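J.: Provided below are the primary sequence and the corresponding predicted coordinates.
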Amino acid sequence: MLFDVTIFPKHLSTAAAVAQQVEAMGFSGLWTAETSHNPFLPLTHAASATQRISIGTGIAVAFPRSPMVVANVAWDLAEQSNGRFILGLGTQVKAHITKRFSTEWSAPVPRLREYIGSLRAIWQAWQTGTPLRYTGEHYRFTFMTPFFSPDPMPYADIPIYIAGVNDGLCRLAGELCQGFHVHPFHTVRYLRERIIPNIEAGAAKAGRTRADVQLACALFVVTGRNADEIQANSILAKSQIAFYASTPSYRAVLDLHGWGDLGTHLNTMIRENRWGELWTEISDDMLDQIAVVAPPDELPYRVRERYDGLLDRVGYYFPFVPQEADKQYLWEQAARAF
């Protein structure tokens, strides 16, 4: 099991130094996410500043970007990093695609299937010089000239991870991808009964196995050096869990445990603008099933114990920020354990 970290650099000028520290501490990988900053740009700095760790997007939102645009930036990052780049893609939910990105929404699984097919067709054309021919319902690529084609390189087989919660995206990952970003809003039971069986079903369809797909996750964790820190971190985790539980797309996790009514209730609270109260609806039992709760010196070992045989790459849901002294001991413990 590998341990990765996620970074959210507020300034690109700091990304290289942070990446160097991630590598120096002995971690296996570094992820960026599409939040308030572009997920690809910090990785150009990280690639130049490191030699060993994998770097990847966890995740970049696919549909607002043409596959040609993503194919190009992924190609450059793969070459720059000497094959250490992982392209992590997510579909997002309809409201973000239509209202935040102002782009069209369609059924995510068939569209993402074509997106992945488009990427690989483009990369093959660049690598081999064969004509670019990809025609689907959502994407059509039939034109490529030498002027717009990068030179072949040794790292053209760029790994693709996709993110998801529900059955269809799990099966798609099993069939077509090298990895799957498990959503932090999950339980071990959901992993065992829904995610992994669907990964296996998709893999079997393509003549592959579960071992061909790495499962990665930034986990909810709760810890602290005293009662006040534990209480504060519990509230933070419960607040985030409540937000995800209010989202209809993640209802399957709740339904598996008989928590479906809670999702409806939380959604009502959000419509009533009662954000500050959300965390009070998450019980300690629910927190224990979704988050790893442990003292700092035990936390990474509890993570490994819980997810051994289930996840291949793990990390913490909060970002790696070197100057945060109150979390430095957590990173040191994780580095020691992994």
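T.: Right, received. Where do you want to start?
J.: ok, residue 290 touching residue 221?
T.: No: using CB atoms under 8 Å, residue 290 is not in contact with residue 221, being 10.4 Å away. C-beta coordinates here come from the backbone N, C-alpha and C atoms, glycine included.
J.: distance of residue 293 relative to residue 129?
T.: 55 Å (CB to CB, to the nearest Å).
J.: between those two, point out the one with more neighbours.
T.: Shown here are residue 293 and residue 129; by other CB atoms under 10 Å, residue 293 has more neighbours (20 against 11).
J.: on the three-state scheme, the nearest residue to residue 22 once chain neighbours are set aside is what?
T.: Distance criterion CB to CB, 6 or more residues apart in numbering; nearest residue to residue 22, sequence neighbours excluded, is residue 30 at 5.1 Å. Going by DSSP: H, G, I helix; E, B strand; the rest coil, the secondary structure assigned to residue 30 is strand.
J.: for residue 30, give me its contacts.
T.: Contacts for residue 30 (CB atoms under 8 Å, 6 or more residues apart in numbering) come out as 4-7, 19, 22-23, 46, 50, 53-56, 320.
J.: how near is residue 103 to residue 272?
T.: As defined by CB to CB, residue 103 lies at a distance of 30 Å from residue 272.
J.: more neighbours: which of those two?
T.: residue 103 (13 against 9).
J.: so the more buried one touches residue 97, yeah?
T.: Yes: contact criterion CB under 8 Å: residue 103 and residue 97 qualify, at 5.7 Å.
J.: okay, and the common contacts of the two?
T.: Common neighbours of residue 103 and residue 97 (CB under 8 Å, 6+ apart) are 63-64.
J.: just to revisit the earlier point, make a markdown table out of the contacts of residue 30 and add distance to residue 247.
T.: A markdown table is the format used below for these (distance: CB to CB, whole Å):
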| residue | distance to residue 247 |
| --- | --- |
| 4 | 24 |
| 5 | 25 |
| 6 | 20 |
| 7 | 25 |
| 19 | 32 |
| 22 | 30 |
| 23 | 35 |
| 46 | 30 |
| 50 | 35 |
| 53 | 32 |
| 54 | 29 |
| 55 | 29 |
| 56 | 24 |
| 320 | 26 |
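J.: out of those residues, which one sits closest to residue 277?
T.: Of all those, residue 277 sits closest to residue 6, with 28.0 Å by CB to CB.
J.: list the contacts for the most centrally placed residue in the chain?
T.: Here the mean C-alpha position of the chain is nearest to the C-alpha of residue 58 (CA atoms, centre = their mean), at a distance of 3.5 Å. For residue 58, the contacting residues are 6, 31-33, 39, 88, 161, 163, 181, 216, 218, by CB under 8 Å, 6+ apart.
J.: now residue 75: how far from residue 143?
T.: To residue 143, residue 75 is 17 Å away according to CB to CB.
J.: for the two, indicate the residue with more neighbours.
T.: Using other CB under 10 Å as the criterion, residue 75 and residue 143 rank with residue 75 on top: 24 against 9.
J.: per-residue pLDDT, the more buried one?
T.: The per-residue pLDDT reported for residue 75 equals 98.
J.: try the one 10 residues further on
T.: In this model, residue 85 is scored at 98, pLDDT.
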